[in-house]
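Colleague: Here you go, sequence then predicted model.
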Amino acid sequence: MLDPLILRNDLDATAAALKTRGYTLDTAVYEALEARRKALQMGVESLQSERNSSAKAIGRAKAQGEDIQPLLDSVAQLGTKLAAAESEFRVVREQQAAWLLDMPNLASTDVPAGSDEADNVELRSWGEKPHFDYPPRDHVELGELHQMMDAEAAAKLAGARFTLLKASMARMHRALAQFMLDVHTQEHGYTEVYVPYLVKGETMQGTGQLPKFADDAFATNDEPPRYLVPTAEVPVTNLAANTIFAADELPIKYVAQTPCFRREAGSAGQDTRGMIRQHQFEKVELVHIVRAEDSVAAHEELIGNAERILQLLELPYRTIVLCSGDMGFSASKTYDIEVWLPGQDAYREISSCSNCSDFQARRMKARVRNADTGKPELVHTLNGSGLAVGRTLIAVLENYQQQDGSIRIPEVLQPYMGGLEIIDL
RNA sequence: GGAGAGGUGGCAGAGCGGUUGAAUGCACUGGUCUUGAAAACCAGCAAGGGUUAAUAGCCCUUCCAGGGUUCGAAUCCCUGCCUCUCCGCCA
């Protein structure tokens, strides 16, 4: 959520900034709503003030044994007037709140301007793409060849966009997650957390998935509904909700492995082959809760932590910065890591690391007490995949394949697979 | 699933219709005292919002949440959520 104050004081500049994100703000309508809000709020508060002072006067008079009937008569109409004013104010306030919840974060000033992924900027690349003397198989072919990856079996159980893994591939999938968790906890200083996979609506709202993107999430039919987490960012970041941290409690760095559930509404026809885009996938997620002045540095640390996993796995990748039009709703700046997939002859996203500035913090009321002033201030929140496990599995399969179809196991992964060095046919 | 108890400030814990945003204790911050520290004593110490040039005043809201009664609700009524104890069941 944006600071309502900047919309009040700097509406045109804010609207222009939102425009670069593809969000059009109707300033005239917003201004009119804001004017109504101000008038109604002042009216309501003045009636409330009158009610309070009258009630106190009545109490005082009654205590002294005076006749309070004249006083009661004088406030006879106050209650209904106040109720009417309050309900009118409530409507406007809710309209304004809904509007604010619908606006994306502002892009950081150093984010390249642009409208879509074509305007993203590559920052660096790492590793050498493997050379093959034959047309490299993609992960689907490799999975079928080994009989360890079965989309049909998964479809029988759950429909499209699920994959069943077996034997060494199931084990490698598990090994990857374990490996990532160990690196982040032991080398990067993260605290591992295990979290609920079903969360309340207000939790989804805290990180920005609701109300705008309700169609993307799976919901239960409880009343009120719960939501299957689309990323561990949701439960983990919301651990900071409604909290005022002491200055020395920050930074907080959490890592969690969770399944992620996504409806993939609107992506019909995209990535239908293989396990690139699924309704359910496993992800190791990194979350930072930091003081505002530390978030830029934390963002660099975060992307470095994610890249480290690919380096240890010796998988080639490139890192890009997303342009203003391609960023997610809550982000002020986002780095994506794209891993090389020989089977697709393309780089594909395997991690997305975002600095959400105070956008989520304002929604979830996550604050830190300024040690100097003693005043609470909004924290900054960051999150990044470290990494998406399913896509990492794909990358290992495709990059480590050999001509006969066997798959070498990356050295760092071997201890997690009982010393296995190769998946033979 | 059955039975009971309860949700108040950072924590503990009073208040049970009237100048109560809330006693008291602890914790915390500043001061006095002390060579220093402790103790003792004094003072301060919730959050959000509106108005405003203002981090000055003034005002509003908040005692789990949402409704209701009343001139007035932390206090009374209803609903929901959550926590704890005992029994049953269960990974």
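Modeller: Ah, there it is.
Colleague: Near RNA strand B, which residues of the stretch 301-425 of chain A are found?
Modeller: The stretch 301-425 of chain A comes close to RNA strand B at residues A:365, A:367, A:369, A:374-376, as judged by Cβ under 7 Å from any atom of the strand. For the C-beta atoms, the positions are set from N, CA and C on the backbone; glycine is no exception.
Colleague: For these, pick the one with the most neighbours.
Modeller: Counting neighbours by other Cβ atoms under 10 Å, A:R367 leads those with 19 neighbours.
Colleague: Phi first, then psi, for the residue lying closest to A:F261 once chain neighbours are set aside.
Modeller: With Cβ to Cβ, 6 or more residues apart in numbering as the criterion, A:F261 has its nearest non-adjacent residue at 3.8 Å, and that residue is A:L228. Taking degrees, to the nearest 10, you get phi -70, psi 130 for the backbone angles of A:L228.
Colleague: need the residues of chain A near RNA strand B, please.
Modeller: So chain A meets RNA strand B at A:4-5, A:38, A:41-42, A:44-46, A:48-49, A:51-56, A:58-60, A:62-63, A:72, A:75, A:78-79, A:244, A:365, A:367, A:369, A:374-376 (Cβ under 7 Å from any atom of the strand).
Colleague: Any idea which residue of chain A lies closest to RNA strand B?
Modeller: Chain A approaches RNA strand B most closely through A:G59 (2.9 Å), counting by Cβ to the nearest atom of the strand.
Colleague: Can you list the buried residues in the helix or strand hosting that residue?
Modeller: Secondary structure assignment for A:G59, by DSSP states H and E: helix A:27-63. By neighbour count with 16 or more other Cβ atoms under 10 Å, helix A:27-63 contains the buried residues A:30, A:33-34, A:36-37, A:40, A:43-44, A:47, A:58.
Colleague: Who are the packing partners of that helix?
Modeller: Contacts defined by 3 or more Cβ pairs under 8 Å, 6 or more residues apart in numbering; DSSP states H and E place helix A:27-63 against helix A:4-9, helix A:11-19, helix A:69-74, helix A:78-102.
Colleague: gap between the following helix or strand past the longest one and the chain center?
Modeller: Meaning helix A:78-102. Of the helices and strands lying after helix A:78-102 in sequence (DSSP H and E), the nearest is strand A:121-126. Centroid displacement of strand A:121-126 relative to its chain, using Cα atoms, centre = their mean, to the nearest Å, is 23 Å.
Colleague: State the mean pLDDT of strand A:121-126.
Modeller: Strand A:121-126 shows a mean pLDDT of 97.
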